[in-house]
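1. how would this look folded up:
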Amino acid sequence: MNRHTKGWERAREMRKWRKRKGGKKARPAKYLETALGACLEDWLNEQRRAGLRPASIEGRRLHLRRFLQWCLSYGVKRPDWISRGLVEAWLGWLDEYRTRSGSFYAESSKESMIRSVHAFLRFLLQHRRIDANPLEGTRLRRCHGQSLPTVLDEDQVTRLLELPDTSDVLGIRDRAMLELTYSSGLRRGEVVSLQLSDLIRDASALVVRHGKGGKERIVPVGGIARDCLKRYVEDARPQMVVPDAPAAELFLTAHGDGFSAMGWGQAVRKYLTRAGVKCRGGPHLLRHACATHMLDHGADLRTIQTLLGHSRVDTTEIYTHVSPAHLCDVHHRTHPRG
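-> Prediction:
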């Protein structure tokens, strides 16, 4: 398929191809056919009724999917077959498990999985599906302290932002998305959930309606990002809209649909690789760089906290890694013996 074909024409070709192939076929999930799988669906439905955010529910579902698949590999299909010995064996497996890249799970990832499983077992106990919670009394792990994060310097960010080919509608879109992420410090889910109606005051600001925890906020858009965004909205986006199925999302894929968070993350990862950035991460690296560079240029933590949408300032401190050069400069200027 020609990359330079208009977006809606590519979308039409892709939809015809999907129709010829019979559509996307989902793999059957064997663990859902067990009694444990039915309990999982009951638990997730309870989470939805409690008002938990869809992203949080999806994260817990993925954690429990790994746990139930592991249980199924040992022949455990019923909740009353879960024992303390089984859970301890799973904790040992979790410590030794390697991902496709060959690395171990991060401590924060393991902590999240254990907490999700603990909440699920507590649900089973409350509904008398099990007699005791095998994780009860077990000291849950906590990630004490934070390792210094990798922060892109301003030259790396500039090189990354200039990579998209702006002679193409897809390149115009990618440049606008990258610039906006860096300018406003948006999460990847916030970027892909933006709608055209969220732009205000001639694209100089926008409303984030789907922030973490369901919170809304207004964020400013920098001058360069605003120009890229206006060019995308006026020149590129109209060519990407599928006439018979227009989408409300601000940023559209080559098929005329809205982006998924995973799809946008993969796109940024490709640009990072082309830019020669070898550290792990995706769109969050730009969000982190936004906060750090603003701090380096004199912004206060309270302003950055508001921009990022954090409810607590100590969360902002994790994201705003101060560069050693900036720290030394402040020390030399302010310490009595600096």
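
2. E249 - nearest residue in space that isn't next to it in sequence?
-> Excluding its sequence neighbours, the residue lying closest to E249 (Cβ to Cβ, 6 or more residues apart in numbering) is G258, at 3.4 Å. For glycine as for every other residue, the C-beta is placed from the backbone atoms N, C-alpha and C.

3. typo on my end, it should be A89
-> Y74 (7.9 Å).

4. for the one you found, give me the pLDDT.
-> Here, the pLDDT recorded for Y74 equals 90.

5. so it makes contact with L86?
-> Yes: assessed by Cβ atoms under 8 Å, Y74 is found in contact with L86 at 7.1 Å.

6. hmm, V169 and Q239 touching each other?
-> Yes: proximity of Q239 to V169 meets the contact threshold set by Cβ under 8 Å, at 5.2 Å.

7. who has more neighbours, these two?
-> Each of Q239 and V169 has its neighbours counted (other Cβ atoms under 10 Å); V169 has more, 23 against 15.

8. from K30, how far out is that one?
-> Here V169 is placed at a distance of 42 Å from K30 (Cβ to Cβ, to the nearest Å).

9. re earlier: which of Y74 and L86 has more neighbours?
-> L86 (15 against 12).

10. any stretches of the stretch 51-200 of the chain with poor pLDDT?
-> Applying pLDDT under 70 to the stretch 51-200 of the chain flags residues 137-149.

11. what ranges does it have for its helices?
-> For the stretch 51-200 of the chain, the helices defined by DSSP state H, counting those that start in this stretch occupy 54-73, 84-96, 107-126, 154-161, 169-184, 188-192.

12. quick one: contacts for V191?
-> Each residue near V191 by Cβ atoms under 8 Å, 6 or more residues apart in numbering is listed here: 177, 180-181, 251, 259, 264, 283.

13. got a quick ChimeraX command for the buried subset of those?
-> Provided next is the ChimeraX selection string for whichever of the contacts of V191 are buried by 16 or more other Cβ atoms under 10 Å:
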select :177,180,181,251,259,264,283
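
14. domains of the protein?
-> Annotated domains of the chain cover 30-126, 154-334 [automatic domain parsing].

15. does Y31 touch Q69 like I think?
-> Yes: counting by Cβ under 8 Å, Y31 touches Q69, with 5.2 Å between them.
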